[in-house]
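K.L.:
everything below, folded, please.
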Amino acid sequence: MQAQIKTAPYEYFDPVFDGRYETPIDTEYNLPDYCPDIQKILKCRAIPEVSSYMITGDTLTCDGVCDIRVLYLDGKGDSVRCCEFTKEFTASVKLKATEEKAVACVQASMAHLTCRAVSARRLDLHAAVSLQILAVVQKKELITCSLEDETIEKRGESFEAHQAVNALCHQFTIEDTLPVKNGKPPIEAILRRETACRVIESRISEERLTVNGTADVSFLYTSAMDSGTVEKLSSSIDFSQVIDCAGAEEGCVCDLRIFTGESSIQPREDDVGENTGVSVVIKVFLMAFLYQSCEVEMISDAYSVKAPLELRYAQSAFTQIHGMHAETLKKKCSLSITGDEIQKVLDVWCEQDTVQTVCEKAKLNYRVKYNACMLYVNSQGRILYAEKQFDHSFSAELETQLAKRADTTWHTDLWEYRIADKTTVEVSIETTVRSLLLSMDHVKYLTSANTEENAPDFDGKPRFLVYYASAGEKLWDIAKSHRALLTDVRTQNELFDDVVPEARPIIICNR
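P.N.:
Numbers count the residues shown, from 1 in each chain. Alright, predicted model coming up:
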């Protein structure tokens, strides 16, 4: 005979893919007629950008474009030039299951890149794009919360947790025109560009998520007045999005992630034919995971005082969120050159940033990696390039020791630099991090309790015995091992805690 059980739903996000996938890019490029010959390559930058992605069956398909800009010295060797072109890429990633309602976020970065000039007019490029993919599906687990049978003793447990409310991916496009300000000359060609999006504020209301943020745009360009001169321009574009989100309500915890996808910054002509502005188009991807607090009640164990039971169990992971932690990690780094002197710095920037986070002993430990890059003019008036990789560790105190994991988003930016001496430039770099602190508790619970088929009932004769218990021994284990009612053991021995406080004899009387 099977005991009647009652269940309650617990919803969670089940990853169907969480990791990296690489796709190769190999191409050859012949310089167009308007580009001067290559004397020396200074820097090849390839920025992979996601255009779109979708999930069909058990496959995630991602399309994107790689913006490639090669900075080089022309035939005279005294001016920095740029040849730019794009290379499309696509990837098909198998998921661990076929899920119609899976939601994903995809972020692209360069895994490796080699670029060389085969001749003064031809480039050979070999690269690989790395896609960081997180695809989840919202699932429901039925947890046994009650078991109805007077002959069965039940051990119930309850604890606080957070369950999934909704996961959504939202796409939108930012378009604007930015003028060249502060008396800067018109644009001849854009050498380097950066786009990044930041969330300033997010609000959750009934069935709705509101996100306010800004898109930061910066670029380096050659002057139309003097092709040997380079200028920098930066600006910000505000945005606001209102997104329908089923199940959202005040009090929900929102793990929000924002990624910049395919973007374009192109010179824009004015009425007299000069490029005194740029047209900006940025595709943005928003990923949001919403949670709400709940109390989980479950039956973790059972036994019968009348007959043998066949018990079956399951184990599930329950999410507990311990808050958000945001911080700005600052570091000063030195870029040094050997055998030469720095006369002038043309541009300094950061690229290929990564952040790893580990929670342990009430501390959040960060490991931040990035490349610091510099274009400069040496003492002979030649333009050169230098870069250096940095690896720093940071630590932050947490208010709780319960957090075991941190899901972190970040953005690294260079906010200041100065020439420290003739061979060294000191740069100040900030990495803004935002971490969702959480833990995953794996708990076993009862799924069924059946009387063993054809098994005889226990001997029903009354018994009286004395059991010598050790300090800290659990009353449940004592009662279960002797098939006694737990309430009887408590009342007969005046023990109302879950464990025996000290070594002592325990009276057990089976009725």
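K.L.:
isn't residue 354 right up against residue 366?
P.N.:
No. Here residue 354 lies out of contact with residue 366, judged by CB atoms under 8 Å, at a distance of 10.7 Å. In this view, the C-beta of every residue, glycine as well, is placed from N, C-alpha and C.
K.L.:
of those two, which one has the most company?
P.N.:
Taking neighbours as other CB atoms under 10 Å, residue 354 and residue 366 compare with residue 366 leading, 21 against 14.
K.L.:
retrieve the pLDDT associated with the more buried one.
P.N.:
Looking at residue 366, its pLDDT reads 97.
K.L.:
next: residue 511.
P.N.:
If you check residue 511, the pLDDT there is 63.
K.L.:
likewise for residue 380?
P.N.:
For residue 380, the model assigns a pLDDT of 88.
K.L.:
and the nearest residue to residue 404 once chain neighbours are set aside, how far is that from residue 387?
P.N.:
Distances taken as CB to CB, 6 or more residues apart in numbering place residue 439 nearest to residue 404, at 4.2 Å, with adjacent residues excluded. Noted for residue 439: a distance of 39 Å to residue 387, by CB to CB, to the nearest Å.
K.L.:
the more surrounded of those two?
P.N.:
Each of residue 439 and residue 387 has its neighbours counted (other CB under 10 Å); residue 439 has more, 17 against 14.
K.L.:
show me what contacts that one?
P.N.:
319-320, 322, 402-405 (CB atoms under 8 Å, 6 or more residues apart in numbering).
K.L.:
so which of those is the closest to residue 65?
P.N.:
residue 405 (33.7 Å; CB to CB).
K.L.:
what segments of the stretch 101-250 of the chain are strands?
P.N.:
103-119, 122-148, 152-179, 187-205, 208-223, 230-244 (DSSP state E, counting those that start in this stretch).
K.L.:
so which of these is nearest residue 479?
P.N.:
The closest of the strands of the stretch 101-250 of the chain to residue 479 is strand 152-179. By CB to CB, the value is 6.9 Å.
K.L.:
how far does the closest one sit from the chain's center?
P.N.:
Its chain's C-alpha centre and that of strand 152-179 lie 13 Å apart, by CA atoms, centre = their mean, to the nearest Å.
K.L.:
could you do stretch 64-83 as well?
P.N.:
From the chain centre to the centre of stretch 64-83 is a distance of 33 Å (CA atoms, centre = their mean).
K.L.:
can you give me the end-to-end distance of it?
P.N.:
For stretch 64-83, the first-to-last residue distance is 20 Å (CA to CA, to the nearest Å).
K.L.:
and it, average pLDDT?
P.N.:
Here stretch 64-83 scores 89 as its mean pLDDT.
K.L.:
next one: stretch 232-243
P.N.:
Model confidence over stretch 232-243, given as mean pLDDT, is 95.
K.L.:
for it, buried residues please.
P.N.:
Neighbour counts over stretch 232-243 (16 or more other CB atoms under 10 Å) mark 233, 237, 239, 243 as buried.
K.L.:
report pLDDT for the closest residue to residue 231 other than its chain neighbours.
P.N.:
Nearest non-adjacent residue to residue 231, counting by CB to CB, 6+ apart: residue 184, 5.2 Å away. For residue 184, the model assigns a pLDDT of 91.
K.L.:
low-confidence ranges in this protein?
P.N.:
Scanning the chain for pLDDT under 70 picks out the ranges 1-2, 452, 454, 460, 511.
K.L.:
which strand runs longest in it?
P.N.:
Longest strand of the chain, by residue count under DSSP state E: strand 275-304.
K.L.:
make JSON lines out of the buried residues of stretch 232-243 and add distance to residue 157.
P.N.:
Supplementary listing: these in JSON lines, determined by distance: CB to CB, whole Å:
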{"residue": "233", "distance to residue 157": "60"}
{"residue": "237", "distance to residue 157": "51"}
{"residue": "239", "distance to residue 157": "46"}
{"residue": "243", "distance to residue 157": "37"}
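K.L.:
surely residue 490 forms part of a helix?
P.N.:
Yes. Assigned with DSSP: H, G, I helix; E, B strand; the rest coil, residue 490 falls within a helix.
K.L.:
what's the burial count for it?
P.N.:
Count around residue 490 with other CB under 10 Å applied: 15.
K.L.:
is it in contact with residue 475, as I believe?
P.N.:
Yes. Counting by CB under 8 Å, residue 475 is a contact partner of residue 490 at 6.7 Å.
K.L.:
please name the bridge partners of residue 439.
P.N.:
Taking DSSP bridges as the rule, residue 439 bridges to residue 320.
K.L.:
measure it to residue 320 for me?
P.N.:
For residue 439, the distance to residue 320 (CB to CB) stands at 5 Å.
K.L.:
now the common contact residues for those two.
P.N.:
In contact with both residue 439 and residue 320: residue 402, using CB under 8 Å, 6+ apart.
K.L.:
tell me where the stretch 301-450 of the chain has strands.
P.N.:
Under DSSP E, counting those that start in this stretch, the stretch 301-450 of the chain gives strands at 309-336, 342-360, 363-378, 383-397, 405-421, 424-451.
K.L.:
please tabulate these in JSON lines, including the columns distance to residue 271.
P.N.:
Compiled in JSON lines, these are given as follows (distance: least, CB to CB, whole Å):
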{"stretch": "strand 309-336", "distance to residue 271": "42"}
{"stretch": "strand 342-360", "distance to residue 271": "30"}
{"stretch": "strand 363-378", "distance to residue 271": "33"}
{"stretch": "strand 383-397", "distance to residue 271": "33"}
{"stretch": "strand 405-421", "distance to residue 271": "35"}
{"stretch": "strand 424-451", "distance to residue 271": "40"}
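K.L.:
between those, which gets nearest to residue 79?
P.N.:
Nearest to residue 79, of all these, is strand 383-397, at 7.4 Å by CB to CB.
K.L.:
residues of that closest one that come out buried?
P.N.:
Applying a neighbour-count criterion of 16+ other CB under 10 Å, one finds 383-386, 390, 394 buried in strand 383-397.
K.L.:
as TSV, these with distance to residue 99 would be great.
P.N.:
Formatted as TSV, the buried residues of strand 383-397 follow (distance: CB to CB, whole Å):
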residue	distance to residue 99
383	52
384	52
385	46
386	48
390	40
394	37
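K.L.:
return the member of those nearest to residue 429.
P.N.:
Nearest to residue 429, judged by CB to CB, of those is residue 390 at 7.8 Å.
K.L.:
chain neighbours aside, what residue packs nearest to the closest one?
P.N.:
residue 333 (5.3 Å).
K.L.:
run a quick neighbour tally on the one you found.
P.N.:
For residue 333, the neighbour count with other CB under 10 Å is 17.
K.L.:
and it, what is it in contact with?
P.N.:
Contacts here follow CB under 8 Å, 6+ apart; on that basis residue 333 touches 372, 388, 390, 426-427, 429.
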